[in-house]
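Trainee: Make a model of this:
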Amino acid sequence: MTVLTRYIVTAVLKSTGITLLLLLTLFNLFAFGDELDDIGKGNYGLTEALYFIAYTSPTVLYQLMPASALVGGLFALGAMANRHELNAMRTAGLSILGIIKATLMAGLILAAFALLVGELVAPETEQKAHMFRVFSQKGQVVLRTRYGLWLREGKEFINIRTIDSNGDLLGVNLYELDDNHLLKQSTYAEKAVFQGDRGWVLHQVKRSYLSTSHITANRVPEQLWPSSMGSDFFKMAVINPNNLSFYDLAMYIEFLKKNHQKSHLYEKALWGRVANPLAIFVMLLVSVPFVIGIGRETGVGGKILIGTIVGLGFNIFDMTTGQIGLIYGLNPAVIAFLPSLLVSVLAFFAIRRLG
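Mentor: From the prediction side, this is the model:
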């Protein structure tokens, strides 16, 4: 690595790091404002809200990486352009391609950091955050795994495989213990629908009664489940596909397919994990033509403003295509990579025009 390359890499990393911290602080302030509405529910107070924000910060940081890379790249390269350092580098023999390579080298470091946070840190802290909030507000201990939710209500242990978009519970297992902590009844329902004050109505129910001498089983089309936990509770504890690691997502998708359940949402999240590091490279690639291609009469502030608008447009386009893909059942891999690929093509055309 040459001195000039190292200089560019260091500048981009510093600017991106500062941008990331600023954006993270801003988003956490908005998130804290939302949490203020829940303060006072159960034992959920100001301290608990701060803990929740701290636990969810790694996930927010991971999601902000592409936008931070774009703004950080614009800051770093824009400052160099204003100080005529880029012109001096090009006079010294560093080509535009060399500047791009140095910028993407910084992107490689940022992508590795994003993978580390997204796979090893964020899923763990995100699960702890939501379990902590559920326990503080509802007094319930919830365990979230790739096989669904596990919780306890009195002498009953509950496992819920998944929750669909309208709040119905799918794959509900109820295990009831006797006074000696031995299993006395097992109930499985394909679906549970919330009925307000009545509780839940279980559909397609299979019940097994266990004793020391025999086991009996029967089936009923419907059964009332008078649980004190409403649909809002399960929405709090629902498994968010964006907060699972790549491995957990892959295992959960396999589980859903084996049980003939919809997995499109989780497949989209899985491919999104692959596409997110690519988006970091794309955003840094976009920063080069914005800095070099826009005339000197446009200051660094103007370049950053234009680049930020492009970054916001990219995020909106990414979310829009994702929702369209879910609605029409399009290929999750194509939908995940489409925004980055389109922006990459536009960036390459802009770079070619620079000569």
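
Trainee: Which residues are in contact with Ser186?
Mentor: Asn173, Leu174, Tyr175, Glu176, Arg207, Ser208, Leu210 (CB atoms under 8 Å, 6 or more residues apart in numbering). For the C-beta atoms, the positions are set from N, CA and C on the backbone; glycine is no exception.

Trainee: what kind of secondary structure is Lys191 in?
Mentor: strand (DSSP: H, G, I helix; E, B strand; the rest coil).

Trainee: how much space between it and Phe255?
Mentor: Distance, Lys191 to Phe255, by CB to CB, to the nearest Å: 17 Å.

Trainee: Secondary structure of Ala180: a strand, I assume?
Mentor: Quick fix: residue 180 is Asn, not Ala. No: if the criterion is three-state DSSP, then Asn180 is coil and not within a strand.

Trainee: Lowest pLDDT pick from the contacts of Ser186?
Mentor: Lowest pLDDT of the contacts of Ser186: Leu210, 85.

Trainee: bridging residues for that residue?
Mentor: Beta bridges link Leu210 to Ile215 when assigned by DSSP bridges.

Trainee: residues near it, how many?
Mentor: Residues contacting Leu210 under the criterion other CB atoms under 10 Å number 16.

Trainee: Then Leu97?
Mentor: 11.

Trainee: How about the one 5 residues further on?
Mentor: Around Ala102 sit 25 other residues, with neighbours defined as other CB under 10 Å.

Trainee: and what of the one 4 residues further on?
Mentor: By the measure other CB under 10 Å, the count of residues near Ala106 is 26.

Trainee: from memory it sits against Val9, does it?
Mentor: Yes: the pair Ala106 / Val9 is scored as a contact, 4.5 Å apart, by CB atoms under 8 Å.

Trainee: Please report the distance of Cys131 from Gln137.
Mentor: Not quite, residue 131 is Met, not Cys. 11 Å.

Trainee: Equivalent analysis for Leu46, please.
Mentor: Taking CB to CB, one finds Leu46 at 14 Å from Gln137.

Trainee: Also Ile160?
Mentor: 18 Å.

Trainee: And Asp34, by the same measure?
Mentor: 14 Å.

Trainee: So if I had to pick from Ile160 and Gln137, which one is more boxed in?
Mentor: A count of neighbours by other CB under 10 Å puts Ile160 above the other of Ile160 and Gln137, at 22 against 18.

Trainee: Name the SS class of the residue of the chain most remote from its centre, please.
Mentor: Computed with CA atoms, centre = their mean, the maximum C-alpha offset from the centroid of the chain is found at Ser213, amounting to 49.4 Å. Recorded secondary structure, Ser213: coil (three-state DSSP).

Trainee: again with Leu174
Mentor: strand.

Trainee: now it: how far from Lys184?
Mentor: The value you get for Leu174 to Lys184, if CB to CB is used, is 12 Å.

Trainee: which one of these two has more residues nearby?
Mentor: Leu174 (22 against 15).

Trainee: so the more buried one touches Gly154, yeah?
Mentor: No: Leu174 is not in contact with Gly154 according to CB under 8 Å; the separation is 11.2 Å.

Trainee: surely Val288 meets Lys101?
Mentor: No: the pair Val288 / Lys101 is not scored as a contact, 10.3 Å apart, by CB under 8 Å.

Trainee: Give me the more crowded residue out of these two.
Mentor: Val288 (24 against 14).

Trainee: what's the next secondary structure element after the helix or strand that contains the more buried one?
Mentor: Under the criterion of DSSP states H and E, Val288 resides in helix 264-293. Once the chain leaves helix 264-293, the next helix or strand it forms, by DSSP H and E, is helix 300-328.

Trainee: With that, I have no additional questions.
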